[in-house]
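Novice: just the structure for this:
(chains A and B)
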Amino acid sequence: MKMKLLNDTKLMFIRNMQHTLRSPVFVFASMFQPLMYLLLFMPLLKGLGAVPGFSQGITVDIFIPGLLVLQALFGTAFVGFSLIDDIRSGVIERFLVSPVKRPAILLGRVLRDAVVLLLQCILITLVAIPFGLNVNIYGFLLSLLLYALIGITMASVSYGFALIFKIEDPLAPTLNTITLPLSLLSGIILPLALAPIWLQDLAKINPFSYAVNATRALFTGNFQNIGIVEGFVVISALAIVVFLWGLRSLKKMAS
Amino acid sequence: MIGKLVIETKGLRKTFISKEKGGKKEVQAVKGIDLTVNKGEIFGFLGPNGAGKSTTQKMLSTLLHPTSGVAKVLGYDLATQQEQIRQNIGCVSQAGGADLYSTGVQNLVLQAQLYGIDAVAAKKYAAEFVERFQMTSFIDRPAISYSGGQKRRLDITLGMIHHPQLLLLDEPTSGLDPQSRAYLWGEIKKLQAEGVTIFLTTQYMDEADKLCDTIAIIDNGKIIVTGTPEELKSSVGGDTIVFSFQSEETARDAEALLTGKVGTERVQTVNSSVHLTIKDGEKKMPDLLRSLDAKNLEAQGVTLSRPSLDGVFLKYTGRSLREDGAK
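Specialist: Next up is the predicted model:
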């Protein structure tokens, strides 16, 4: 039984990857936003000087890990649109009447999304090196795992809502409503040390704040930082819960 | 293992809950269906849009859970043996289900693999079907570029690629040009000749008539009548003759005269025409015309129509399927 799930997931992953490779320009197009932040926003931060909590100001080493979390959030948040295409053309229904394992239908998609995201994260990091980024290689590799988990979480959210709505119109506003506060409350664009207490408290219930803290520690090679473990625990748990919710939406389509 | 019955349902029912202003509303899409499909036959499920055809098919293909009722498909219980049913049936939905951005071959090979066929055999099966359905000229292009008939051929092949014993087709020819329809009918007949049992839904009477061994007419979630096309047509009671006259007055006089002639049933004036149902209409028409002439009731035009499934639908529902189908 486990073999079948593995095999079906592989088939679905390849099928979805073929779709992505057919129009590779989109892989690069969704990197436009983080690159703009890197080129047009980061220089602005340097000028802010010493900010509480960041004695050296906001350096590129602090900014890039957060920027990649942002990419993980927004880069995968809108993958649900491709699923609506497949629902409308009857492809999902065809998969559902076949003996394919139901989790494989979603796993094949979120894993593809995670791979695309990792490619983007690596490219953005490479671009950031000339800007003075110093990154611990082991920390970076561990960070990639965390970004993949964030990507799987957001992709599952996106697919879950796509399966509920089955049409495009309500999907974009719903996903924006979720991603915008999550990104603002994770201290990516500006550090939360600047925020009033109530905003800092609010940020503590944002799971992605933990991811930002964890990857910042990882990038600098500060492996003793407890935030790393916290980040992995919180995001892994979230990824599992949200994936299962998405799977429930898929199974509900056939009820 | 399977025996003679490929599908057997008892009291199959599906109620959807729809949310509307002022609370939830129950919509009874299928209101208790009993049907049996024999091995090797083409079973037609005929009815207008919204009659419950697709809902029934989706229940039989494990895509929808019945609200109540029991069913066996290929001898497997619908409630507890869904995996076995999925593995052994083929199913083509109304939307088709081809992945438009992949090529036909990619679609077919993946579909076979989803049924547990290894990559080598999957490619072999795909090549065989491509040859057989004459798809060689277009099958390596993305499916989005196909014509309606080509896309439909791919859709049906997707349902067939794993050689199922039962094929469920939801309105296989809807929206196709006459040539493509005729071609598909031929292919469906060939599949039957190879021993595949076919369950198809349709809203076209000619399709049900030409293709099916057994027809169940469904309207408003219920099966109204089941039988072979011949049985159903002869149950209407004969041919229909329509005489048209200059005025309604003349038509009324003609109605009075024609009522009670040997073999006539149901004589009815509609505007300035008289409709009557009669056995062996062709043979009796000259005699009827002579009697009308004798009373100086000159018919402006006469049409004779053979019993049709439309007549059957009209008889059992009081409505014409054509009017409904056009909506």
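
Novice: quick check: residues of the stretch 51-200 of chain A near chain B?
Specialist: The stretch 51-200 of chain A comes close to chain B at residues A:86, A:88-91, A:93-100, as judged by C-beta under 8 Å from any C-beta of the partner chain. Where you see a C-beta, it was placed from the backbone N, CA and C, and this is true even at glycine.

Novice: distance-wise, check the nearest residue to A:M31 once chain neighbours are set aside relative to B:S174.
Specialist: Nearest residue to A:M31, sequence neighbours excluded (C-beta to C-beta, 6 or more residues apart in numbering or on different chains): A:Q120, at 5.1 Å. As for A:Q120, its distance to B:S174 is 43 Å (criterion: C-beta to C-beta, to the nearest Å).

Novice: which one's more surrounded, the two?
Specialist: The residue with more neighbours, out of A:Q120 and B:S174, is A:Q120; 23 against 16, by other C-beta atoms under 10 Å in any protein chain shown.

Novice: and that one, what does it touch?
Specialist: By C-beta atoms under 8 Å, 6 or more residues apart in numbering or on different chains, the contact list for A:Q120 reads A:V27, A:S30, A:M31, A:P34, A:Q71, A:G75.

Novice: can I get those residues in CSV with neighbour count?
Specialist: Below are the contacts of A:Q120 laid out as CSV (neighbours: other C-beta atoms under 10 Å in any protein chain shown):
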residue, neighbour count
A:V27, 17
A:S30, 19
A:M31, 19
A:P34, 23
A:Q71, 24
A:G75, 26
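
Novice: next, give me the two most distant ones among these.
Specialist: Spatially, the most separated pair among these is A:V27 and A:P34, at 13.0 Å (C-beta to C-beta).

Novice: closest to chain B among the contacts of A:Q120?
Specialist: For the contacts of A:Q120, the minimum distance to chain B (C-beta to the nearest C-beta) is 15.6 Å, reached by A:V27.

Novice: hang on, that closest one packs against A:V116?
Specialist: Yes: using C-beta atoms under 8 Å, A:V27 is in contact with A:V116, at 5.6 Å.

Novice: ok and the residue in the stretch 151-255 of chain A nearest chain B?
Specialist: With C-beta to the nearest C-beta as the measure, A:A254 is the residue of the stretch 151-255 of chain A nearest to chain B, at 4.9 Å.

Novice: which residue does the stretch 151-300 of chain B bring closest to chain A?
Specialist: B:L158 (6.7 Å).

Novice: go ahead and confirm that residue touches A:R94.
Specialist: Yes: assessed by C-beta under 8 Å, B:L158 is found in contact with A:R94 at 6.7 Å.

Novice: who's more crowded, the two?
Specialist: Per other C-beta under 10 Å, whichever of B:L158 and A:R94 has more neighbours is B:L158, with 28 against 25.

Novice: which outside residues touch the helix or strand in which the more buried one is found?
Specialist: Element membership for B:L158, per DSSP states H and E: helix B:148-160. Applying C-beta under 8 Å, 6+ apart, the contact partners of helix B:148-160 are A:94, B:90-92, B:96-98, B:104, B:107-108, B:111, B:129-130, B:133, B:135, B:138-139, B:143, B:146, B:167-169, B:172-173, B:175-177, B:179-180, B:183-184, B:187, B:191, B:196.

Novice: could you list the low-pLDDT ranges of the stretch 151-255 of chain A?
Specialist: In the predicted model, the stretch 151-255 of chain A carries pLDDT under 70 at residues A:255.

Novice: again, only using 50
Specialist: For the stretch 151-255 of chain A, no stretch has pLDDT under 50.

Novice: also the stretch 201-327 of chain B?
Specialist: Along the stretch 201-327 of chain B, the model assigns pLDDT under 50 to residues B:324-327.

Novice: rerun at 90
Specialist: Residues of the stretch 201-327 of chain B meeting the criterion pLDDT under 90: B:204-206, B:230-243, B:245-300, B:303-327.

Novice: same thing with the stretch 1-150 of chain B?
Specialist: In the stretch 1-150 of chain B, residues with pLDDT under 90: B:1-4, B:17-26, B:48-50, B:94-96, B:133.

Novice: switch the cut-off to 70
Specialist: Along the stretch 1-150 of chain B, the model assigns pLDDT under 70 to residues B:1-3.

Novice: which residues do B:L158 and A:R94 both contact?
Specialist: Listed contacts common to B:L158 and A:R94 are B:G97, B:Q111; contacts here mean C-beta under 8 Å, 6+ apart.

Novice: need the residues touching each of A:V27 and A:V116.
Specialist: Counting by C-beta under 8 Å, 6+ apart, the common neighbours of A:V27 and A:V116 are A:T20.

Novice: quick check: residues of the stretch 101-250 of chain B near chain A?
Specialist: The stretch 101-250 of chain B comes close to chain A at residues B:Y101, B:S102, B:Q106, B:L110, B:Q111, B:Q113, B:L114, B:Y115, B:G116, B:L158, as judged by C-beta under 8 Å from any C-beta.

Novice: what about the third one, how many neighbours?
Specialist: Close neighbours of B:Q106, defined as other C-beta under 10 Å, add up to 19.

Novice: contacting residues around it?
Specialist: B:Q106 neighbours (C-beta under 8 Å, 6+ apart): A:R15, A:Q18, B:D99.

Novice: surely the residue of the stretch 151-255 of chain A closest to chain B and A:L96 touch.
Specialist: Yes: the criterion here is C-beta under 8 Å, and A:A254 meets it with A:L96 at 5.2 Å.

Novice: need the overlap of contacts for these two.
Specialist: B:L63.

Novice: so the two - more neighbours on which side?
Specialist: Counting neighbours by other C-beta under 10 Å for A:A254 and for A:L96 shows that A:L96 has the greater number, 22 against 17.

Novice: ok, that one touching B:L64?
Specialist: No: applying C-beta under 8 Å as the test, A:L96 and B:L64 come out as separate, 10.3 Å apart.

Novice: who's in contact with stretch B:29-40?
Specialist: With C-beta under 8 Å, 6+ apart as the contact definition, stretch B:29-40 has outside contacts at B:2-16, B:43, B:52, B:55-56, B:59, B:69, B:192, B:195, B:197, B:199, B:214, B:216, B:218, B:220-223, B:226.

Novice: take the residues you listed and keep only those in helices.
Specialist: When those are checked against helices (DSSP state H), the matches are B:T55, B:T56, B:M59, B:Q192.

Novice: thought B:I198 was touching the last one, still the case?
Specialist: Put plainly, it is B:Q192. Yes: between B:Q192 and B:I198 there is a contact at 6.0 Å, judged by C-beta under 8 Å.

Novice: return every residue with contacts to both of the two.
Specialist: Among the neighbours of B:Q192, those also in contact with B:I198 (C-beta under 8 Å, 6+ apart) are B:E41, B:I42.

Novice: who's more crowded, those two?
Specialist: Neighbours per residue (other C-beta under 10 Å) separate B:Q192 from B:I198, with B:I198 holding more: 24 against 17.

Novice: grab the nearest non-local neighbour of that one.
Specialist: The shortest distance from B:I198 to any non-neighbouring residue, by C-beta to C-beta, 6+ apart, is to B:I42 (4.6 Å).

Novice: list the residues that contact the one you found.
Specialist: B:I188, B:K189, B:Q192, B:T197, B:I198, B:L200, B:L211, B:C212, B:D213, B:T214.

Novice: can we see that at 10 Å?
Specialist: Contacts for B:I42 (C-beta atoms under 10 Å, 6 or more residues apart in numbering or on different chains) come out as B:167, B:169, B:185, B:188-189, B:191-192, B:196-200, B:208, B:211-215.

Novice: also B:A98?
Specialist: Shown in contact with B:A98 (C-beta under 10 Å, 6+ apart): A:89-91, A:94, B:92, B:104, B:107-108, B:111, B:142-144, B:146, B:150-155, B:157-158.

Novice: and if you look at B:T201?
Specialist: Per C-beta under 10 Å, 6+ apart, neighbours of B:T201: B:43-47, B:51-57, B:94, B:168-172, B:174, B:208, B:216, B:218.
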